[in-house]
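Student: I would like to see how this sequence folds:
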Amino acid sequence: LGNFSFGDYFKREAIAFAWEFVTGAEHLGIPGDRLAVTVHHTDHEARALWREIAGLPDERIHGLGDKDNFWQMGDTGPCGPCSEIYVDLEWQPGSPAVQLSQPEFEVAAEAGRFLEIWNLVFMQYDRSADGTLTPLPRPSVDTGAGLERIAAVMQGEDDNFHTDFFQPLLDRVGQLVGRNYD
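Tutor: I've put the predicted structure just below:
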């Protein structure tokens, strides 16, 4: 699932749209206490917007580096920081939101406790061959959500392959090869 904005709106609107879709009762309705987000460690604007729009405390907004939270198409061209929405797969209804330090979040995410469901790319620079970042005249947004990941979360599963879409296929393959999928 994705959406592009070529200069029509930017960070404030993209974050508000994403938060409304993910948490809104008329949409996915995922409890906000179950969510954490990442931002590029230098993107103070996005961090402030997550605080303001979603009411997230700093313990649920994690600043990561270029490897995880800076998007670029190649060595040159449009690029920029990104922000990701994660679902805590261990959170239980009625329990408080988990608040982890950055290192704790990174370890938990790598261990599979958090599932990234949405990425908001804020294309605001043009990278030249010498690495210089020049602000774009009209910053743009590229958002993407994983339909299969959203399905897993909505169905209470921790893996895309355990959803009602994949499970019948895996069951049939298991029958054909004589070994069930665990």
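
Student: top helix in the chain by residue count?
Tutor: helix 11-23 (DSSP state H).

Student: Please export the C-alpha coordinates of it as PDB.
Tutor: The C-alpha coordinates for helix 11-23 follow below in PDB (Å, rounded to 0.1, in the frame of the first residue of the first chain):
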ATOM      1  CA  LYS A  11       5.700  15.800   7.100                       C
ATOM      2  CA  ARG A  12       2.800  17.200   9.300                       C
ATOM      3  CA  GLU A  13       0.100  15.900   7.000                       C
ATOM      4  CA  ALA A  14       1.800  12.600   6.300                       C
ATOM      5  CA  ILE A  15       2.300  11.900  10.000                       C
ATOM      6  CA  ALA A  16      -1.300  12.900  10.800                       C
ATOM      7  CA  PHE A  17      -2.700  10.800   7.900                       C
ATOM      8  CA  ALA A  18      -0.700   7.700   9.000                       C
ATOM      9  CA  TRP A  19      -1.600   8.100  12.700                       C
ATOM     10  CA  GLU A  20      -5.300   8.500  11.900                       C
ATOM     11  CA  PHE A  21      -5.400   5.500   9.600                       C
ATOM     12  CA  VAL A  22      -3.500   3.200  11.900                       C
ATOM     13  CA  THR A  23      -5.200   4.200  15.200                       C
END
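
Student: And the contacts of it?
Tutor: 5, 27-32, 35, 45-46, 49-50, 53-54, 83, 85, 117-118, 120, 122, 141, 143 (Cβ atoms under 8 Å, 6 or more residues apart in numbering). (Each C-beta comes from the backbone N, C-alpha and C, glycine too.)

Student: Just give me how far that helix sits from the chain centre.
Tutor: 11 Å (Cα atoms, centre = their mean, to the nearest Å).

Student: One more: stretch 72-82?
Tutor: That offset, for stretch 72-82, works out to 18 Å (Cα atoms, centre = their mean).
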